[in-house]
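Peer 1: A predicted structure for the sequence below; I have some questions about it.
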Amino acid sequence: MTLQQMEYVIALDSERNFVKAATKCFVTQPTLTMQVKKLEDEIDLMLFDRTKKPLEPTSEGVHFIAQCRDVLHEVAILKQLVSSEKDSINGVFKIGIIPTLAPYIMPQFLENFNKNYPNSKLQIKEMQTLDIIKAIKSDTLDIGIMVTPLDEPALKEIPLFYEPFLFYHGKTNPFADKEKIAISDLENKTVLLLEEGHCFRNQALQICKNHSTADELGFEYCSGTIETLKNMVKRDMGFTLVPKLAINESDKGFYQTFEDPEPVREVSLVTHKSFNRIKLLQAFQDQFNATVPDSLKKTHRKKRITWR
């Protein structure tokens with residue numbers, strides 16, 4: 001039994017004629033006749049007395065058709081509700097964002113978003129990538145702001161921008177004579193890393209290929225924050241990679257860019273494929289577009305670094 005068959009039955013009850021009912025439903029008469037007969041066979045009930053002119057519903061058919069009208073009415077209400085949700089930005093929404101993005105982009109984003117959408121309340125939590133994926137799949141999180149691609153069939157990704165990786169050095173810079181450095185320059189260099197669980201760590205390892213900490217420094221250090229790594233590097237305790245948005249005035253003279261194609265990380269909005277708040281997602285995109293520099297929105301001459 002389908003909603004379409006119910007619509008055919010209701011049209012036939014209204015028109016009391018197969019040709020007129022088919023015209024009303026924008027189908028051919030044989031199609032409508034066949035579907036009504038198929039429904040009658042499925043429920044083992046004769047809905048219409050075809051011996052009468054015009055045809056009439058049977059006593060059983062009268063009750064069945066009344067129920068069909070109720071069902072289609074409820075379906076219409078549900079469709080209206082879904083449509084209303086798609087167009088609504090009001091409500092409470094749970095957002096997860098990775099720690100290597102949050103401090104550098106969320107303050108300005110939230111200031112803009114709250115100003116433009118005062119009826120939306122965002123509950124934001126810093127989470128590592130795999131935890132965000134798990135939370136979205138279990139419907140305990142509405143939107144993730146994270147690095148993609150994820151290769152998760154149940155999730156939808158909406159790319160926002162492409163953030164370059166920068167080489168961060170101390171007062172002693174082995175590449176001081178270069179305007180830009182090549183990725184190959186970093187092989188076998190002492191690189192300080194974020195702790196396990198950060199996708200940024202995996203991307204840094206891909207860029208640096210071979211890395212060491214303990215052998216050259218006499219210790220091994222994995223940090224939970226990029227700011228800690230920057231402070232250690234400034235004391236000539238090694239080198240590290242940082243995302244471009246993590247750079248501020250105090251970092252002047254401590255970083256270098258890469259040659260083209262420069263390595264970048266793709267940052268996206270991630271939701272479950274069933275998430276239908278289209279207008280909310282568009283609002284997020286608009287506010288990020290207003291927050292992020294235009295140079296980060298281009299993909300030309302960039303090399304996307306994956307983390308999986």
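Peer 2: Sure thing, it's come through.

Peer 1: Give me the below-cutoff pLDDT ranges for the stretch 151-300 of the chain.
Peer 2: In the predicted model of the stretch 151-300 of the chain, residues 188-190, 209-222 satisfy pLDDT under 70.

Peer 1: Okay, strands next: where are they in it?
Peer 2: In the stretch 151-300 of the chain, the segments counted as strands under DSSP state E, counting those that start in this stretch are 155-168, 189-190, 193-194, 211-212, 222-223, 240-243, 255-256, 262-272.

Peer 1: May I see the buried residues of the longest one?
Peer 2: The one in question is strand 155-168. 155-157, 160-168 (16 or more other Cβ atoms under 10 Å). Bear in mind the C-beta positions are built from the backbone N, C-alpha and C, glycine included.

Peer 1: now stretch 108-121
Peer 2: Within stretch 108-121, the residues that count as buried by 16+ other Cβ under 10 Å are 109, 113, 117, 120.

Peer 1: quick revisit: I'd like to know which of the buried residues of strand 155-168 is nearest to Gln256.
Peer 2: When the buried residues of strand 155-168 are compared for distance to Gln256 (Cβ to Cβ), Phe167 wins out at 4.7 Å.

Peer 1: How about the closest one: what's its closest non-neighbour residue?
Peer 2: Excluding the flanking residues, the one nearest Phe167 by Cβ to Cβ, 6 or more residues apart in numbering is Gln256, at 4.7 Å.

Peer 1: Correct me if wrong: the one you found contacts His169.
Peer 2: Yes: taking Cβ atoms under 8 Å as the definition, Gln256 is a contact partner of His169 at 7.0 Å.

Peer 1: so what sits against both of the two?
Peer 2: Counting by Cβ atoms under 8 Å, 6 or more residues apart in numbering, the contacts common to Gln256 and His169 are Phe175.

Peer 1: Please say which of the two ends up with more neighbours.
Peer 2: Between Gln256 and His169, His169 has the larger neighbour count (other Cβ atoms under 10 Å), namely 22 against 17.

Peer 1: in the sheet, who's paired with the nearest residue to the more buried one once chain neighbours are set aside?
Peer 2: Spatial nearest neighbour of His169, excluding adjacent residues (Cβ to Cβ, 6+ apart): Phe239 at 5.4 Å. When bridges are called by DSSP bridges, Phe239 pairs up with Val191.

Peer 1: re earlier: need the buried residues of stretch 108-121 in a markdown table with secondary structure and pLDDT, can you?
Peer 2: A markdown table is the format used below for those (DSSP: H, G, I helix; E, B strand; the rest coil; pLDDT from 0 to 100):
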| residue | secondary structure | pLDDT |
| --- | --- | --- |
| Phe109 | helix | 94 |
| Phe113 | helix | 93 |
| Tyr117 | coil | 91 |
| Ser120 | strand | 89 |
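
Peer 1: Show me where the stretch 201-308 of the chain has its helices.
Peer 2: Secondary structure of the stretch 201-308 of the chain (DSSP state H, counting those that start in this stretch): helices located at 214-217, 226-233, 278-291.

Peer 1: try the stretch 1-150 of the chain
Peer 2: Per DSSP H, counting those that start in this stretch, the stretch 1-150 of the chain has helices spanning 3-15, 18-24, 29-43, 59-86, 102-116, 129-137. These are given in chain order.

Peer 1: Check which residues of the longest one are buried.
Peer 2: Using 16+ other Cβ under 10 Å as the test for burial, helix 59-86 gives 61, 64-65, 68.

Peer 1: about what we covered before: nearest to Leu47, of the helices of the stretch 201-308 of the chain?
Peer 2: Across those, the minimum distance to Leu47, taken as Cβ to Cβ, is reached by helix 278-291, at 39.1 Å.

Peer 1: And the closest one, what does it pack against?
Peer 2: helix 102-116, strand 155-168, strand 262-272 (3 or more Cβ pairs under 8 Å, 6 or more residues apart in numbering; DSSP states H and E).

Peer 1: closest one to Ile10 among these?
Peer 2: Checked against Cβ to Cβ, the stretch from the helices and strands packed on helix 278-291 lying closest is strand 262-272, at 34.5 Å.

Peer 1: Quick check: Thr70 vs Asn231, distance?
Peer 2: Wrong residue type there; residue 70 is Asp, not Thr. In this structure, Asp70 and Asn231 are separated by 67 Å, where distance is defined by Cβ to Cβ, to the nearest Å.
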